[in-house]
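Student: Take this sequence and fold it.
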Amino acid sequence: MRGRLFWLGAIALLAAWVSAAVAQTDPLPSWNDGAAKQAIVAFVTDVTREGSPDFIP
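Tutor: Residues are numbered from 1 along each chain as shown. Just a heads-up that it's a prediction; the model follows:
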């Protein structure tokens, strides 16, 4: 019984981890694709990418 619970827990953790990894592909998943979303994503990308002229440390 303990072995079965261990594997069930391990599978649940793996599923949660995979789900989180997939969710991160779209930084604003609840937003509709449009000019506002694209502008915000572009701004955040520019200011967080080292070497970018707009980088904010």
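
Student: Next, work out how far apart the closest residue to residue 46 other than its chain neighbours and residue 43 are.
Tutor: The shortest distance from residue 46 to any non-neighbouring residue, by CB to CB, 6 or more residues apart in numbering, is to residue 54 (4.3 Å). From N, CA and C alone the C-beta is placed, and that goes for glycine too. Residue 54 sits at a distance of 8 Å from residue 43 (criterion: CB to CB, to the nearest Å).

Student: residues near residue 4, how many?
Tutor: If you count neighbours by other CB atoms under 10 Å, residue 4 ends up with 8.

Student: Distance-wise, check it relative to residue 10.
Tutor: 11 Å.

Student: Now the common contact residues for those two.
Tutor: Residues touching both residue 4 and residue 10 (CB atoms under 8 Å, 6 or more residues apart in numbering): there are none.

Student: List the contacts of the helix-or-strand element of the chain with minimal mean pLDDT.
Tutor: Lowest by mean pLDDT, DSSP states H and E among the helices and strands of the chain is helix 2-23, with a mean of 72. Contacts to helix 2-23, defined as CB under 8 Å, 6+ apart, come from residues residue 29.

Student: Let's see it as CSV, backbone CA atoms only.
Tutor: The C-alpha trace of helix 2-23 is given here as CSV (Å, rounded to 0.1, in the frame of the first residue of the first chain):
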residue,chain,number,x,y,z
ARG,A,2,2.8,2.5,0.8
GLY,A,3,4.6,1.7,-2.4
ARG,A,4,1.4,2.4,-4.3
LEU,A,5,0.9,5.7,-2.5
PHE,A,6,4.5,6.7,-3.2
TRP,A,7,4.1,6.1,-6.9
LEU,A,8,0.7,7.9,-7.0
GLY,A,9,2.3,10.9,-5.3
ALA,A,10,5.3,10.8,-7.6
ILE,A,11,3.0,10.7,-10.7
ALA,A,12,1.0,13.6,-9.3
LEU,A,13,4.1,15.7,-8.7
LEU,A,14,5.4,15.0,-12.2
ALA,A,15,2.0,15.9,-13.7
ALA,A,16,2.0,19.2,-11.8
TRP,A,17,5.6,20.0,-12.9
VAL,A,18,4.8,19.3,-16.6
SER,A,19,1.6,21.4,-16.3
ALA,A,20,3.6,24.3,-14.9
ALA,A,21,6.2,24.0,-17.6
VAL,A,22,3.6,24.0,-20.4
ALA,A,23,1.8,27.0,-18.8
